[in-house]
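Enquirer: need a 3D model of the sequence below.
(chains A, B and C)
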Amino acid sequence: MSAVAEGTTPLGRLAEAAATLAGGEVAHARRRAALDRLLALGLPGPRDDAWKYSNLRLLGRRDLAPATARPVAADALAMLPARDGTTVVFLDGRFQPSMSTAVLARGLSVTPLAAVLAAKLPPALEARLGAGDGIDERIRLLNAALLVDGAHLSVAPDGAPDQQIHVVHLATGGGAYPRLAVTLAPGASARLIEYHLTPGDAETLAAPVADIELGVGARLEHYAITLAGAHAIELQDVSVRVAADATYRHRHLGLGGQLARLDLRVRLEGEGASTQLSGLLLAEQSRQIDVRTVVEHVAPRTTSDQVYRGVGKDRGRGSYDGKVVVHKGAMKADSRQSSKNLLLSPGASLDSRPQLEINADDVKCSHGATTGALDEQMLFYLLARGLDRDIARALLTFAFAEDVIAKITLPALRRFAEERVLGSLPAAPLIREFIA
Amino acid sequence: MTDTNQSELLLEIKDLAAEVQGRKVLDGLNLEVRAGEVHAIMGPNGAGKSTLAQLLAGRSTYKVTRGEVRYRGADLLSLAPEERARRGLFLGFQYPVEIPGVNNVYLLKAALNARRREQGLPEVDAFEFLGLVRDKMRLMQMDDSFLSRGVNEGFSGGEKKRNEILQMTVLEPTLAILDETDSGLDIDALKVVANGVNSLKRADRAIVLVTHYQRLLEHIIPDRVHVLAAGRILKSGDKSLALELERRGYDWVRHEASAA
Amino acid sequence: MATKPQDLDSLVGQQYRHGFVTDIDSDTVPPGLNEDVIRLISRKKGEPEFLLNWRLVAYRHWLTMREPHWAHVRYAPIDYQAISYYSAPKANTDGPKSLADVDPKLLATYEKLGVPLHERARLAGVAVDAVFDSVSVATTFKERLGEAGVIFCPFSDAVREHPALLEQYLGSVVPTTDNFYAALNSAVFTDGSFVYIPKGVRCPMELSTYFRINAAKTGQFERTLIIADEGSHVSYLEGCSAPMRDENQLHAAVVELIALRDANIKYSTVQNWYPGDENGVGGIFNFVTKRGECRGANSRISWTQVETGSAITWKYPSCVLTGENSVGEFYSVAVANNYQQADTGTKMIHIGRNTKSTIVSKGISAGHAQNSYRGLVKVLPSAEGARNYTQCDSLLMSEHCGAHTFPYVEVKNPTATVEHEATTSRIGEDQLFYCLQRGLSQEDAVNMIVSGFCKTVFKELPMEFAVEAQNLLAVSLEGAVG
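Expert: Predicted coordinates:
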């Protein structure tokens, strides 16, 4: 677009990278359209209220072009908890059949998108591949402008119930822009577990986008576990539509990354639809974690429940910005939000914005937010029973995180998460015993 | 107090004054507790009973402005709360806090081992400990589900109080201060709690009951009864004083004290 | 309940009570804004050079600013050139010297508003400064206050009589560049109230300013400055009203409070600007910047507001807690009915050690109204031991209205404790049924429940205002539940 943009600015480098991508005329035109729109809007800056807590200046001079997948060690996935079911691996945003498991559970289909993207798609799908309906158009445009691959995961009505689908995102350097489309047929149920890793701890930018649709009465438990290294920037965008009586759960564990941002939008479109969202924001060292949720109660008798816990240590920054919107006519909507923050170091900061936008009268909505140090009464109780101060503090920190970890229903994953949190506390072996 | 009593002086409070946020809560309190004794501290609401209990356990909310407290000869006020606990001072809380996510039994085991280390005794292992705690749980009529729960998590008021006494029976303190342990208990639970306390009476141990009803004292017979009001001990006597208080209320003690 | 349930029958058909126009000759400058208009205002006020320059700096900065649009309100663009920036009752362009000089028509106006200016008619405990359109028309009890050393006068008088205080404090809490409306106000403000409480003085009576917009096509831009010197106490009340007109009128005021060491300022507002009619036509745009700074240790600033009027309200009375152990409070009831839009709340900025703040906000939405709470609690790294508690409740009374809550909590000190709670719900069916079963009418029941909902805020108001607030609430919600 403009000559100044090219080369030196992140947007300029994105434009250069987009021009060189393969995929044929149709894919190229689609990317160009997204890029033009993104160039017109610009990348979000610190003056943009919604990006106040996400510092995109970190993009600096780093390479943003979709990486040409570098080889990774065969045991790159070894650090992950044991996985049942299907594993789908993306290496730098591209589907990696050799690392994925071939055996599919009954009713599950996995379609890589690279080939699909070469052709013109029905208008509805094309629209979703562009700006779509996430919280922030710009993340989606960024993904669309550099989109080369992704996967469509779908579970048929007769699919095996509660099957596990593991999606592992490996980033080795440069950019990764995969697109996931997930469809659960009416009555279907599944667990989708996404991991984000950067083996080799390279400088990376990942902007994975997911569109999820739940049919009537479907159930999805969706985990997003960020384990990326200290030089990884991650901008996840998830948009979910939930039909009548369906339930969507999202469990976020922000345990890694330099800047890890999640934009999660859930629309409760059918009567009786419900959603439960939770997250642990472990903002330690110089990590920034920024979670933004928008839950829309569109239909009557919809319920939502959000539980987010932030732990701030060292120079970490964490923020939770959760908005609940009750649309006109969404009678008997019931929504709860709990955001609690624990600040452990003078250099850390935690921000919380639980918001309510209510446009119907017969509703029950509440939120609570607290920020502070460890609970004085709990600490005193433990000291009065003779525990060391350091142990007591570590123990209470762990118990604080446990509020959300306990919501993990996969035992192996729960143990994994607990170990991760323990790893950041002193005297882990001692504390391990206390876990209720 | 008679000077013929040769048992160890466990707790000695001299002219203790304390305030919380600039407000006087204790003002010239004196008290001596010897090994083997059971004391009851009674008094109207807001008299400073809980303040005294929490202060002795080391709660930093209260600022000592005057006086001293000696525990087994050492300066108690200079010790951190965890050191006091390890040296055998136990506080049964009036409102035991819930700590979700921290296992009840492991807390108890850690507490016991912290105390044993202080005493130069070997730590107990998990197996040994479980045997011990099961015995005590039977005494307190607590079921096994308690083992897997978080500290006081979701406990009813009565369960919390039983849990406090269970902890006490496991930790075998030298000086136990039980703050309103009887409040919120029905008559059956009260008996269970009293049994727990009575099982602990020994010549080398003292128990201080903080209460404002005399009904607990029907089950745990005190050697000394003190009336705490306006931040100090206004009157002391034997168990008959508790009955008199039950009959006549607290006002006459105040009048008597102000007349003196 | 402290007050008797309203007799709803007597209120039926009673709409905005203060919507009359006073027929009085005014000296009004033609609509439009440029440097010449600002010079004219400054000349009419006989201002010193520094103040004119201050206005011009503000104006030039304002020209570079854009109107803010982040609030949850909607309105047609404002034409700032179509507004007259100065209007004053003709006879009194120089300001009245005493009540005897005040036009009897004006005195009658305030009488009608329930704010009699004759001192003997007025409650002995309250001194009043009455601001009519752009100028102050009367200040009562000046002498008695003077004996205590308290300065309470129209802003224009302060410009002439206390320029040193003004130069020291004006704009020190809300700088001219603070925001779009504050910059506009700084450029064109015409009058307002000035208060100075000397060291160690407890102000002997409540101070009150009553603002009245009368002329058409004018804006009102008043400026209030309250300085509480070390160890002093003051309670200040503010009331306001305007005629019913089909056009929207702009009110962009700035209030600055400064509390020095151990000083205590209580600022109460009952805002009853014309809210527009039941179809949303007309009404005041109330775009106001109010901020206090607890500059000295142990100082306290307390804002209490009852907001029932205005077509649009955009205001966030705030506290900058600089001094150690200083305390900021915000108690608010905001009622929005018909097509009213309110976006109001507060900012508590904790800078000093052991600073404390409390926020209690009660929002009531009815009709097609939009009512938002927007609040920021910010704890800076220096604010060791800071504490905040926020309680924020919304009551919904119609399926067409909106109730929104936008809290921002930013904490950068690990010893701080910040708690925020919010609820949004419909008026409780159980409570309503209970009252009806005891024989109350629907309206009485609603009124009782609503005033119960607001009680924690009302009890912060000075007595005279509490009654007025209660009455206003009933009138504002009339017909809201059916």
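
Enquirer: for B:Asp15, list the residues it contacts.
Expert: Contact analysis of B:Asp15 by Cβ atoms under 8 Å, 6 or more residues apart in numbering or on different chains lists B:Gly28, B:Leu29, B:Asn30, B:Arg66, B:Gly67, B:Glu68. All C-beta atoms are positioned from the backbone trio N, CA, C, and that covers glycine.

Enquirer: list the buried ones in the helix or strand bottoming out on mean pLDDT in chain B?
Expert: Each helix and strand of chain B was given a mean pLDDT (mean pLDDT, DSSP states H and E); the minimum falls on strand B:99-103 at a mean of 81. By neighbour count on 16 or more other Cβ atoms under 10 Å in any protein chain shown, the buried set for strand B:99-103 is B:Ile99, B:Pro100, B:Gly101, B:Val102, B:Asn103.

Enquirer: one more: stretch C:143-153?
Expert: C:Leu145, C:Val150, C:Ile151, C:Phe152, C:Cys153.

Enquirer: in CSV: those residues, plus secondary structure and distance to A:Asp149.
Expert: Below are those laid out as CSV (DSSP: H, G, I helix; E, B strand; the rest coil; distance: Cβ to Cβ, whole Å):
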residue, secondary structure, distance to A:Asp149
C:Leu145, helix, 78
C:Val150, coil, 75
C:Ile151, strand, 74
C:Phe152, strand, 73
C:Cys153, strand, 74
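
Enquirer: and those, which is closest to B:Glu244?
Expert: Distance to B:Glu244 across the buried residues of stretch C:143-153 (Cβ to Cβ) is lowest for C:Val150, with 59.3 Å.

Enquirer: and the longest helix that chain C contains, what does it pack against?
Expert: Counting residues, the longest helix found in chain C (DSSP state H) is helix C:442-458. In terms of contacts (3 or more Cβ pairs under 8 Å, 6 or more residues apart in numbering or on different chains; DSSP states H and E), helix C:442-458 is packed against helix C:8-11, strand C:300-307, strand C:327-336, strand C:356-365, strand C:387-396, helix C:429-437, helix C:463-476.

Enquirer: ok and that helix relative to strand C:327-336, angle-wise?
Expert: 160 degrees (axes from the mean of the first three to the mean of the last three Cα atoms, to 10 degrees).

Enquirer: sorry, back to before: which of the contacts of B:Asp15 has the largest number of neighbours?
Expert: Highest neighbour count within these, by other Cβ atoms under 10 Å in any protein chain shown: B:Leu29, with 25 neighbours.

Enquirer: model confidence for that residue, exactly?
Expert: B:Leu29 is assigned 95 on the pLDDT scale.

Enquirer: tell me which residues touch it, please.
Expert: Contacts of B:Leu29 (Cβ under 8 Å, 6+ apart): B:Ile13, B:Asp15, B:Leu16, B:Ala17, B:Gly48, B:Leu52, B:Gly67, B:Leu228, B:Gly231, B:Arg232, B:Ile233.

Enquirer: so C:Thr176 makes contact with C:Val188?
Expert: No. Taking contacts as Cβ atoms under 8 Å, C:Thr176 lies outside contact range of C:Val188: 11.6 Å.

Enquirer: low-confidence stretches in the stretch 1-150 of chain A?
Expert: Within the stretch 1-150 of chain A, the segments meeting pLDDT under 70 span A:1-7, A:69, A:102-103.

Enquirer: could you check how far whichever residue of the stretch 1-150 of chain B sits closest to chain A is from A:Phe398?
Expert: In the stretch 1-150 of chain B, the residue that lies nearest chain A is B:Gly101 (3.2 Å; Cβ to the nearest Cβ). B:Gly101 is 7 Å from A:Phe398, where distance means Cβ to Cβ, to the nearest Å.
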